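Chemist: got a sequence here, can you build the structure:
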Amino acid sequence: VNGFYPFFPGKKRIESIDIAKIYGIVVSVVFRRKHKKQKRGRIMSKELIRLQDLTMEFDGERILDGINLYFNDHEFLTLLGPSGCGKTTTLRIIGGFLTPTSGTVTFDGKVINDVPPYKRQINTVFQRYALFPHLDVYDNIAFGLKVAKLPKDEVDRRVNEMLEIVSLKGYENRSVDSLSGGQQQRVAIARALVNQPKVLLLDEPLAALDLRLRKDMQIELKRIQQTTGITFIYVTHDQEEALSMSDTVVVMDKGRIQQIGRPEDIYNEPKNAFVADFIGESNILDGVMLEDFKVRFFGRVFECVDKGFAPNEPVDVVIRPEDIDIVPVEQGQLVGTVTNVTFKGMQYDIIVDFRGFKWLIQTTDHSPEGARIGVKIDPDGFHIMKKSEYSGQFGDYSSYSEEYEELADASWETDEEESGDEE
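Modeler: Numbers count the residues shown, from 1 in each chain. Predicted coordinates for the structure are as follows:
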């Protein structure tokens with residue numbers, strides 16, 4: 001696995017890995033940027049929901065700004081982005097809990113802007129499960145069916161089917177208060193699915209669970225979605241959840257869609273610096289695309305696999321931490337100084353100062369603080385992006401404080417030492 005996901009250590013660190021066993025899904029093991037792009041969603045999927053020119057304003061502030069998006073039948077689609085990006089607002093509009101300021105919501109070919117939530121073939125699972133504490137597991141799941149006054153044998157059949165699907169067979173008479181967080185979440189999912197909706201909306205449903213339980217529930221959710229064939233629209237700010245479960249990922253920021261694609265394409269081919277930084281870790285540098293397959297930064301020319309840019313066009317150069325090899329100084333394309341080392345279990349996260357710009361490198365090779373190291377990057381380790389409004393905002397680890405202590409500024413090297421930073 002050559003840097004396939006940000007939470008897999010990079011090349012030369014894992015010889016083989018049973019991805020299906022870890023995530024409960026089958027994916028192709030491919031090398032970074034050597035895969036063929038595919039269309040989003042499943043083959044022959046039918047469009048089920050379409051959002052067209054959707055805007056939403058609260059007190060004069062625009063929360064959604066011209067959203068155009070479609071959802072396929074049987075698709076697991078995730079809306080991914082930071083807090084305040086508009087993902088939950090989009091979900092609530094689809095569910096009928098909010099009416100957009102402008103634009104249309106189409107379901108199965110019909111505009112449903114004015115259709116109330118209870119008349120839509122859509123159910124929602126919230127972060128807070130909202131289970132009835134006075135009812136047992138069976139009655140919680142059966143609640144909607146009893147309100148609809150379905151025959152008892154039909155209620156029994158559907159509830160038992162749901163208990164089987166969410167792996168809670170034998171728990172029907174248990175109090176919901178006696179269940180773990182993950183079990184309560186599965187009851188909430190079963191209650192939402194038992195009414196046989198065409199779409200299930202999930203608003204950060206795993207946020208309240210601990211890390212181990214969250215990972216287990218990621219596997220469960222994907223399995224449930226594949227078993228039922230129902231369209232899942234999932235909202236999260238967690239990139240790992242999005243990449244491990246989704247057929248399609250929609251990255252949002254500032255009320256706008258930044259990129260839509262398969263998880264592999266979103267990670268390997270980000271469209272701008274925001275996506276590159278939000279999806280995994282990225283070193284993002286200012287560069288110039290001299291011609292097809294040749295980019296210049298840090299005063300030297302590197303071979304890459306990108307093309308289609310204007311001659312001498314300013315670009316953003318993305319280098320993932322797992323795509324950087326540490327080599328002896330004399331073999332390095334660049335030479336830098338290690339300023340910080342953090343042990344992360346499966347690898348070391350190393351901050352390296354290259355002429356005042358700090359890079360993150362992820363490797364199993366330990367290099368002590370203060371060591372001079374060389375680095376080598378293969379042509380397919382670079383990803384070239386056009387400049388955008390996000391250029392210059394991300395990619396320098398000088399003040400990387402999310403996981404590490406704030407790093408002290410490294411002293412600028414002398415001109416003589418700088419000359420050693422290039423091959």
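Chemist: count the residues that sit near Ala148.
Modeler: Residue neighbour count, defined by other CB atoms under 10 Å, stands at 10 for Ala148. For glycine as for every other residue, the C-beta is placed from the backbone atoms N, C-alpha and C.
Chemist: ditto for the one 10 residues further on
Modeler: By the criterion of other CB under 10 Å, Arg158 has 20 neighbours.
Chemist: centre of the chain versus stretch 277-289, how much separation?
Modeler: Mean C-alpha position of stretch 277-289 versus that of the full chain (CA atoms, centre = their mean, to the nearest Å) differs by 17 Å.
Chemist: sketch out the low-pLDDT regions of the stretch 1-150 of the chain for me.
Modeler: 1-44 (pLDDT under 70).
Chemist: please enumerate the strands of it.
Modeler: Under the criterion DSSP state E, counting those that start in this stretch, the stretch 1-150 of the chain carries strands at the ranges 47-58, 61-72, 76-80, 102-107, 110-111, 122-125.
Chemist: need the residues that contact the shortest one.
Modeler: Residues outside strand 110-111 that contact it (CB atoms under 8 Å, 6 or more residues apart in numbering): Thr104, Val105.
Chemist: residues touching Leu51, list them.
Modeler: Contacts of Leu51 (CB under 8 Å, 6+ apart): Ile67, Asn68, Leu69, Tyr70, Thr90, Ile93, Ile94, Gly103, Thr104, Val105, Thr106.
Chemist: using the three-state scheme, assign the closest residue to Ala190 other than its chain neighbours.
Modeler: Closest residue to Ala190 apart from its sequence neighbours, by CB to CB, 6 or more residues apart in numbering: Met162 at 4.0 Å. State at Met162, reduced to three classes by DSSP: H, G, I helix; E, B strand; the rest coil: helix.
Chemist: residues contacting Met162?
Modeler: Ile141, Ala190, Arg191, Leu193, Val194.
Chemist: go on, Ala208?
Modeler: Gln127, Arg128, Gly181.
Chemist: now do stretch 269-289, average pLDDT.
Modeler: The average pLDDT for stretch 269-289 rounds to 95.
Chemist: doesn't Gln183 fall inside a helix?
Modeler: Yes. Per three-state DSSP, Gln183 lies within a helix segment.
Chemist: wait, it sits on Tyr171?
Modeler: Yes. Assessed by CB atoms under 8 Å, Gln183 is found in contact with Tyr171 at 7.1 Å.
Chemist: overlap in contacts of these two?
Modeler: Here Gln183 and Tyr171 have no joint contacts, going by CB under 8 Å, 6+ apart.
Chemist: which residues in the stretch 101-250 of the chain form helices?
Modeler: 137-147, 152-165, 181-193, 211-228, 239-245 (DSSP state H, counting those that start in this stretch).
Chemist: save these as CSV, and put in distance to Glu264 too.
Modeler: Listed next are those as CSV, based on distance: least, CB to CB, whole Å:
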stretch, distance to Glu264
helix 137-147, 36
helix 152-165, 28
helix 181-193, 27
helix 211-228, 16
helix 239-245, 9
